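K.L.:
Got a sequence here, can you model it:
(one chain, ligands or ions: 1)
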Amino acid sequence: MASDSKTHTFEEVAKHNQTKDCWLIVSGKVYDVTSFMDDHPGGDEVLLSATGKDATNDFEDVGHSDTAREMMEKYYIGEIDSATVPLKRSYIAPQQATYNQDKTPEFVIKILQFLVPLLILGLAFAVRQYTKKE
Ligand code: HEM
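P.N.:
Numbering: from 1, shown residues only. Below is the predicted model:
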C-alpha cells in the first residue's frame with residue numbers, strides 16, 4: 001500500500017471499485033481499504049457502494065466511532081484533487097408551465113363530451129313530452 005501523500009484525481013480513484021481493489025474518498029482524503037474489506041463491521045458491500053463518488057456523507061451518516069476514524073489513518077493514501085470531483089446533481093424545479101393557447105381545443109372537447117349527452121337526453125325528454133300530449 002502506498003503511504004506517500006499523493007494527490008489523486010477522481011477518475012483515477014473511481015477505477016478502484018472492486019472487492020480486491022477498493023479506494024474511498026472521505027473528507028477530501030483517499031483511502032485504500034482493500035485489506036479492510038473482510039474486516040469492516042459494516043460489510044464489504046457498503047464500502048463497494050461508496051466507491052466512485054465522494055463517500056463523506058455515507059461515512060458520516062453511519063455515525064462512525066472515534067475508533068473507526070483512527071483506523072482510517074491506516075488506509076490513507078493521499079488527497080483528492082477536489083477540482084476533478086464531479087459536482088453533485090442538484091434538483092432544479094421545472095419552470096411553471098405558462099398558459100398554453102394550444103390546449104384550448106382540448107378543453108372545449110372535454111366540455112362538449114359532457115354537454116352532448118346532456119343535450120341528447122334533454123332532446124329525448126322533450127320529444128317524449130311532446131308525443132305524450134298527442
Ligand atoms: C476507511 C473507511 C472506513 C473505516 C475505517 C470504517 C470502520 C468502521 C468501524 C470500525 C465500524 C464499527 C462501528 C464503529 O466503530 O463506528 C464500522 C461500521 C460501519 N460502517 Fe464503516 N468504515 C469505513 C467506511 C465506511 C463507509 C464509506 C461506509 C458507507 C456507508 C461505512 C458503513 C458502515 C456501516 C453501515 C457500519 C455498520 C454500522 C452498524 O451496524 O452499527 N463505513 N465501520
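K.L.:
May I have the secondary structure class of residue 79?
P.N.:
Here residue 79 is recorded as strand under DSSP: H, G, I helix; E, B strand; the rest coil.
K.L.:
Provide the partner residues of it in its beta bridges.
P.N.:
Residues in a beta bridge with residue 79, per DSSP bridges, are residue 7, residue 29.
K.L.:
Neighbours of the closest residue to the ligand within the chain, how many?
P.N.:
Nearest to the ligand in the chain, going by Cβ to the nearest ligand atom, is residue 42, at a distance of 2.4 Å. (Each C-beta comes from the backbone N, C-alpha and C, glycine too.) Applying other Cβ atoms under 10 Å, we find 13 residues neighbouring residue 42.
K.L.:
Leaving out sequence neighbours, find the closest residue to it.
P.N.:
Closest residue to residue 42 apart from its sequence neighbours, by Cβ to Cβ, 6 or more residues apart in numbering: residue 62 at 6.7 Å.
K.L.:
Residue 74 too?
P.N.:
Nearest non-adjacent residue to residue 74, counting by Cβ to Cβ, 6+ apart: residue 36, 8.0 Å away.
K.L.:
State whether the one you found and residue 76 are indeed in contact, as I suppose.
P.N.:
No: the pair residue 36 and residue 76 fails to qualify as a contact (Cβ atoms under 8 Å) at a distance of 11.8 Å.
K.L.:
what do the two both touch?
P.N.:
Here residue 36 and residue 76 have no joint contacts, going by Cβ atoms under 8 Å, 6 or more residues apart in numbering.
K.L.:
Need the pLDDT of residue 59.
P.N.:
Note for residue 59: predicted pLDDT of 97.
K.L.:
Would you confirm that it contacts residue 26?
P.N.:
Yes: at 4.8 Å, residue 59 counts as touching residue 26 under the criterion of Cβ under 8 Å.
K.L.:
Run the chain-centre distance for the top helix by length along the chain.
P.N.:
Ranked by residue count and defined by DSSP state H, the top helix of the chain is helix 104-133. Here helix 104-133 is found 50 Å from its chain centre; the criterion is Cα atoms, centre = their mean, to the nearest Å.
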